[in-house]
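Chemist: Next one to model:
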Amino acid sequence: MIMLYSMLSTQQPSVYDYSFKSIDGKEVSLADFKGKQLLLINTASKCGFTKQYKELQELHEQYGDKLVVIGFPSDNFGGQEFDANDKIQEFCEQNFGVTFMLSEKVNVKGDKINPLFKYLTTAENADFTGDIKWNFEKFLINKDGKLVHRYRSKVTPLDESITSQI
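Modeler: Modelled structure (predicted):
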């Protein structure tokens, strides 16, 4: 029994250990997506990068059988997100036809950082760790729930550095 505890305590966490509330208030476990890749993005409705919603939707439509796209609206950078979740959802649907999953508004940095983003910003990956610098940073998770690549805001969702990994 002691050996089993020791083995379990040394396992590396994965995104499957986390859950979130969808924009319509439902609890979603990331473990529900085992066997698919995930692209997790911190989003904002009033940002210069907001036009990336269009490409995120294209990714969702083109690769939805093997990639789950999830946007996490955040107001951590320049107050660029609406206050109410229903307003965020309405904006995304009306302006970009978003049908991929969105979470409720979360904090992606600071003292109130969402636990998932605390994990994502500290997890080892091929690129870099540390605080999110702006809206629309992207985290690519493999089918085993491990963060494999992280992309800054300027890398668009349909960039070959992302699509070649799907």
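
Chemist: Please, where are all the helices along this structure?
Modeler: 2-9, 52-63, 85-96, 115-122, 160-163 (DSSP state H).

Chemist: For the residue minimising distance to the centre of the chain, give its distance to Gln94.
Modeler: Centroid-nearest residue in the chain: Leu40, 1.8 Å away (criterion: C-alpha atoms, centre = their mean). Applying C-beta to C-beta, to the nearest Å, the value for Leu40 to Gln94 is 23 Å. C-betas here are computed from N, CA, C, even on glycine.

Chemist: how about low-confidence regions in this structure?
Modeler: Counting by pLDDT under 70, the chain has low-confidence residues at 1-11.

Chemist: So which residues of it form strands?
Modeler: Ranges of strands within the chain are 19-21, 27-29, 37-43, 67-73, 101-102, 138-141, 147-151, based on DSSP state E.

Chemist: Can I get those strands in TSV including distance to Asn114?
Modeler: Formatted as TSV, the strands of the chain follow (distance: least, C-beta to C-beta, whole Å):
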stretch	distance to Asn114
strand 19-21	7
strand 27-29	13
strand 37-43	9
strand 67-73	7
strand 101-102	14
strand 138-141	12
strand 147-151	15
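
Chemist: who touches the residue nearest to Lys138 when sequence neighbours are not counted in this structure?
Modeler: Distances taken as C-beta to C-beta, 6 or more residues apart in numbering place Tyr151 nearest to Lys138, at 4.2 Å, with adjacent residues excluded. With contact taken as C-beta atoms under 8 Å, 6 or more residues apart in numbering, Tyr151 is in contact with 127, 137-140, 159, 161-162.
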